[in-house]
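Q: Only the shape, not the letters, is given here:
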């Protein structure tokens, strides 16, 4: 198996922000099939060290990749490439979550309270 770090391209002299270069590189690798579904990406700190970037830079790229549905983070298990053939259920759920978050913000509900409300609603079935 190819090391994902070896495939990620970052040009320090580029005018494009490093987090955007990481995001675009991973997205391109996933779309081309060079990074297969379920491939585990390196931990944020490891990738940051390997690429010579700040951990926050890589963390931002991972957050944006997750928001775009390219990867998913499974807690301590790590960050994995999403299987696009898994169906649109995840996309629909992500969109519903975005709509909920936007509605809570518009109502002035603090994030922790919004999460508590969502957990209670899920527990009610």
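A: Right, received. Where do you want to start? None of the values given here were measured: they were computed from a predicted structure.
Q: roughly how far apart are residue 93 and residue 64?
A: Distance of residue 93 to residue 64, computed by Cβ to Cβ, to the nearest Å: 18 Å. C-beta here means a position set from N, CA and C on the backbone, and glycine is covered the same way.
Q: what's the average pLDDT for stretch 33-45?
A: Averaging pLDDT along stretch 33-45 gives 93.
Q: got it, and stretch 71-90?
A: For stretch 71-90, the per-residue pLDDT averages 81.
Q: Buried residues, it. List them.
A: Under the neighbour-count criterion of 16 or more other Cβ atoms under 10 Å, stretch 71-90 has 71, 72, 79, 80, 81, 82 buried.
Q: Show me what it is in contact with.
A: Contacts with stretch 71-90, where a contact means Cβ atoms under 8 Å, 6 or more residues apart in numbering, come from 26, 30, 35-41, 43, 62, 65-66, 69-70.
Q: rewinding a little: which one of residue 93 and residue 64 is surrounded by more residues?
A: Neighbours per residue, other Cβ atoms under 10 Å: of residue 93 and residue 64, the larger number sits with residue 64, 18 against 10.
Q: Let me see the contact set for that one.
A: 19, 23.
Q: quick check, it in a strand?
A: No. Read with DSSP: H, G, I helix; E, B strand; the rest coil, residue 64 is helix and lies in no strand.
Q: Which of the contacts of stretch 71-90 fall in helices?
A: Applying DSSP state H to those, the entries found in helices are 26, 30, 62, 65, 66.
Q: Could I have the buried ones of those residues as PyMOL selection syntax?
A: To isolate the buried members of the ones in helices among the contacts of stretch 71-90 in PyMOL, using 16+ other Cβ under 10 Å:
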select buried, resi 26+30+62+65
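Q: Closest one to residue 108 out of the ones in helices among the contacts of stretch 71-90, please.
A: Residue 108 lies nearest to residue 66 out of the ones in helices among the contacts of stretch 71-90, by Cβ to Cβ, at 26.1 Å.
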